[in-house]
Structure formats: C-alpha cells, structure tokens
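Q: Fold the following and give me the result.
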Amino acid sequence: MMSRFFSPNVFLGIAPIVLVIAVWQGLVSFGFAPAVLLPPPGFVFGRLLQQLVTFAFQQEIAATLIRLFAGFAIAVVLGVSIGIAAAANPAINAVVRPIVRVLAPLPKVALYPALLLLLGFGHGSKITLVAADALFPILLSTYYGASTVEQKLIWSAMAAGTPRYEILFKVVLPAAMPSILTGCRIGLVISCIVVFLAEMITSTDGLGHALVTAARTFQAVDMFVPLITISLLGLILNGLLGALRLYLLRGFPEA
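A: Predicted structure coming up:
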C-alpha cells in the first residue's frame, strides 16, 4: 500500500497541481495580476481552512453533495439499466438508439430554464440536470461493454441451463463492468461540473451560489474558495471511485 502511495504515478499526478500553484503564485508575486483580482494561493488556502470549520460553509458543501450524489445515482441506475437492456434486446435497442443520437449531443444546460419552470428552484431541477448530463456517458459505456461480451461466455451459461435473466446479472454485467466503471468516472466528473454550474445560474445555497455571492461583492479570496473546494471534492470522489474500480476489477487483467 505504501509503495503504491509513493509510486512514480502519484508524483506525476501531483506535479501538474504543484506547477499550477507555482505559476499562480508567480503571477501575483511578479505583478502580472493584481492581488485584488487574483489573490495569492496562500491567502486562498488559508481562507479555505477557515471556512471549512464554519457551519455555514459546511451547509453549502452539503447542499452541493446532495444534488451531485442524487443526480449521479439516478444516472447510474438509468444508464446501466437501459444500456444492458438495449444490448440484450434488439427491439429496445431500436428504440433507444435514435433517442441517444438526438439527445446525447444536446447541451443539457439549454434545458435548464424549462426544468426550472417544471420543477422549481429547489433541488429537483438541479438533480434532474445533473442526471441528464451524466446519463449518456454511462449509458453508452454500458451498452458498449455489454455488446462486446464474448458470445462463448453466454453460450456456456445457456448450455449450463442458466435462465436468461440470470445470464444478464451473472455473465453480461460482470463482463461489462470495466466499461461501466469507465463511464461512471466520466459521469462523475460531468456531475461535479454541472451541479456547480446549475448553482451558479440559480440557487440560494451550494458552492456555486457561494462563488456568485462572493463575486457580486468583489470578495476575490472568497470567490476562489468554492472553486478550490469543488476541485478537491472532485479529486476525492474520483479517487474513491478509482479505489472501488480496483476492488471490483481485481480479477481483470486491465485493472
């Protein structure tokens, strides 16, 4: 475990972050950007530590995470279910394929005004937008993974007398798991972006709302704190999903 933590890949992953912070500090130190508009990273991280222990900021984080997890969970359930069903059933595939081709390229944020009218300004509209944006990467990855399962695995299960619905759960789903988890990682990143954007557009709480509030009052340090927070949350959640992927795919050679 410790050798993996201190592996070259970890240092290569940390190096770009350190470089960005160094460039940020350099821009401020050499006067390329005024500190009023671009505060030094030390001030921002110091303010972040102060905010993390306040109940008000914890509530902002909680509101964002609730929307993120709810929307992402809906996208995972729908994406995996529809993807496997479309791969297993030609009739369902014939219905789903044109819908995906039409809706997948559509920027879902364009639907946000309609969602606000239908679902209001609360959690519902934001959760729906997150789910809609994260759905298609998961659905397409699931469909691809389920469609490329080796037929001999299915034939072997059928020859052993395994019912068709059990083949989906015992053969197709495990074999498609690497592709499904790849789609989930993409969907998780999209969820972080979309929930923050939705809160910036219209919300009374959440990290996106905190950024807009700070920007309106010209509080540059407080404006950068939500940005750093959502980035750290995305990094942590991606790491947790990566650890789950390693656990679930421990028998796969690509893991």
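
Q: When you work out contacts or count neighbours from here on, use the C-alpha atoms and nothing else.
A: Noted.

Q: which ones are touching residue 104?
A: residue 136 (C-alpha atoms under 8 Å, 6 or more residues apart in numbering).

Q: now it: how far from residue 89?
A: Separation of residue 104 from residue 89 (C-alpha to C-alpha, to the nearest Å): 21 Å.

Q: How about residue 124?
A: Relative to residue 89, residue 124 is positioned 32 Å away (C-alpha to C-alpha).

Q: Then residue 162?
A: 18 Å.

Q: Give me the more crowded residue out of these two.
A: residue 162 (14 against 10; other C-alpha atoms under 10 Å).

Q: among the helices and strands of the protein, which one scores worst on average pLDDT?
A: Across the helices and strands of the chain, the lowest-confidence element by mean pLDDT, DSSP states H and E is helix 2-5, at a mean of 50.

Q: what residue is smack in the middle of the protein?
A: By C-alpha atoms, centre = their mean, the mean C-alpha position of the chain lies nearest to residue 188, the distance being 1.5 Å.

Q: isn't that one right up against residue 72?
A: Yes. Residue 188 lies in contact with residue 72 (C-alpha atoms under 8 Å); the separation is 6.7 Å.

Q: Now for those two: what residues contact both?
A: residue 134.

Q: if I pick residue 198, what's in contact with it?
A: Contacts of residue 198 by C-alpha under 8 Å, 6+ apart are 126, 129, 208.

Q: Show me where the stretch 151-255 of the chain has its helices.
A: Taking DSSP state H, counting those that start in this stretch, the helices of the stretch 151-255 of the chain run over residues 151-159, 164-167, 173-201, 207-216, 220-248.

Q: ok, back up a step: just curious, which of the contacts of residue 198 is nearest to residue 46?
A: Comparing these against residue 46 with C-alpha to C-alpha places residue 208 closest, at 19.8 Å.

Q: how near is that closest one to residue 63?
A: For residue 208, the distance to residue 63 - C-alpha to C-alpha - is 10 Å.
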